[in-house]
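>>> all I have is the shape, not the residue letters:
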């Protein structure tokens, strides 16, 4: 009788311990922890490419291939984004019809602040990117918004990025469940397979950086947005972060989302946050 | 001989029905099914570009009166849309396996 009771007690205890362990695991798996995610993300790349200097990841494919890097360094003497940079500087300083300028819309007059974008706007409850903030600035001053993918927007962001060159990416996630949800949503978007080719962002930029996909050398995901906007030879022109997301989707045969949709804003938030500490290198040039 | 004749007739009838040219009604039914699946894929934010282009091919063929081609394209578009819905559904959990931890 006593033995039977002990056996039953033992079984119940074992079941309770097992339940407790499983529940703890479930809770841990569901908890959003951006600090741990960023650490794991950076360690993955640092360990996968031990010979690449940490600050060099922001140079995309050039950090993966010495020959390409040498060619790019020579090209940087007369960089292809220079025209956009000059245009952006001029546009930035030109007053709107009401006499105000972009500088009036941003902290520190818009100079040297690229590394703080995107940020989570607690009033709106959403992620605000630099491109979005620029268009909101225009609209608030009675001007028509620019296309999010190229031309003027690329020039303006090129100039703003240039004034932040070398500054470490510094994205904050406030203690707000909506900010954590945006980070998690961005992460989900980054890892989710889509399109007829069944590719995720991670499929190329986590699993295969440094490998070739047709004629392209794939860039590592770590620091991939620090170089934005970019002059891309394939595009024969400049492109913004929005343009990069849209073309990535199209290349996998997925219908792209509208630029500055919640998903794109969130994935930019995720990718920028996990690159915290790495320098801004934009505007960049890519093959 | 007596047995083979009805069998041959049945086979010929079967082949004839299989090879029957599609008509406008067939196309309309196939297109409506494809369009419904494509709408669902779009609502899941997982539409494929090939679904959209194949739907456009179907419509263009139907506008030109080629209902065989139009029906075949509409059926292909439906299959593509259903595959993208499957992708969206399975990826709701599957993406976690890709995550760097």
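The structure has been received and is ready for your questions. Owing to the predicted nature of the structure, the values given are computational and were not obtained by experimental measurement. Numbers count the residues shown, from 1 in each chain, chains lettered A, B, ... in the order given.

>>> C-alpha from now on. contacts and neighbour counts both.
OK.

>>> give me the below-cutoff pLDDT ranges for the chain.
All of this is about chain A. Chain A contains residues with pLDDT under 70 at A:1-30.

>>> let's do chain B instead
For chain B, applying pLDDT under 70 flags the ranges B:1-19.

>>> in it, what residue comes closest to chain A?
Per Cα to the nearest Cα, residue B:48 is where chain B lies closest to chain A, at 4.4 Å.

>>> who are the contact partners of that residue?
Residue B:48 makes contacts with A:195-196, A:253-255, B:80-81, B:84, as judged by Cα atoms under 8 Å, 6 or more residues apart in numbering or on different chains.

>>> ok, now with 6 Å
By Cα atoms under 6 Å, 6 or more residues apart in numbering or on different chains, the residues touching residue B:48 are A:195-196, A:253-255.

>>> report how many residues lie close to the residue nearest to it when sequence neighbours are not counted.
Nearest-residue entry for residue B:48: residue A:254, 4.4 Å, with adjacent residues in sequence omitted and distances by Cα to Cα, 6 or more residues apart in numbering or on different chains. Residue A:254 has 26 neighbours, counted by other Cα atoms under 10 Å in any protein chain shown.

>>> from what I see, residue A:254 and residue B:50 are in contact.
No - Residue A:254 lies out of contact with residue B:50 (Cα atoms under 6 Å); the separation is 8.2 Å.

>>> helices of the stretch 151-287 of chain A, start to end?
Applying DSSP state H, counting those that start in this stretch to the stretch 151-287 of chain A gives helices spanning A:151-162, A:177-191, A:201-205, A:241-251, A:262-273.

>>> can you say which of those is nearest to residue A:69?
Checking the helices of the stretch 151-287 of chain A against residue A:69 by Cα to Cα gives helix A:201-205 as the closest, at 18.1 Å.

>>> phi first, then psi, for the closest residue to residue A:52 other than its chain neighbours.
Excluding the flanking residues, the one nearest residue A:52 by Cα to Cα, 6+ apart is residue A:63, at 6.6 Å. Torsion angles at residue A:63 (phi, psi; degrees, to the nearest 10) stand at phi -80, psi -10.

>>> any idea how far residue A:63 lies from chain B?
From residue A:63 across to chain B, the span is 21 Å (Cα to the nearest Cα, to the nearest Å).

>>> spatially nearest residue to the residue sitting nearest the centre point of chain B (excluding sequence neighbours)?
Centroid-nearest residue in chain B: residue B:75, 1.7 Å away (criterion: Cα atoms, centre = their mean). Closest residue in space to residue B:75, ignoring its immediate chain neighbours: residue B:30 at 5.9 Å, by Cα to Cα, 6+ apart.
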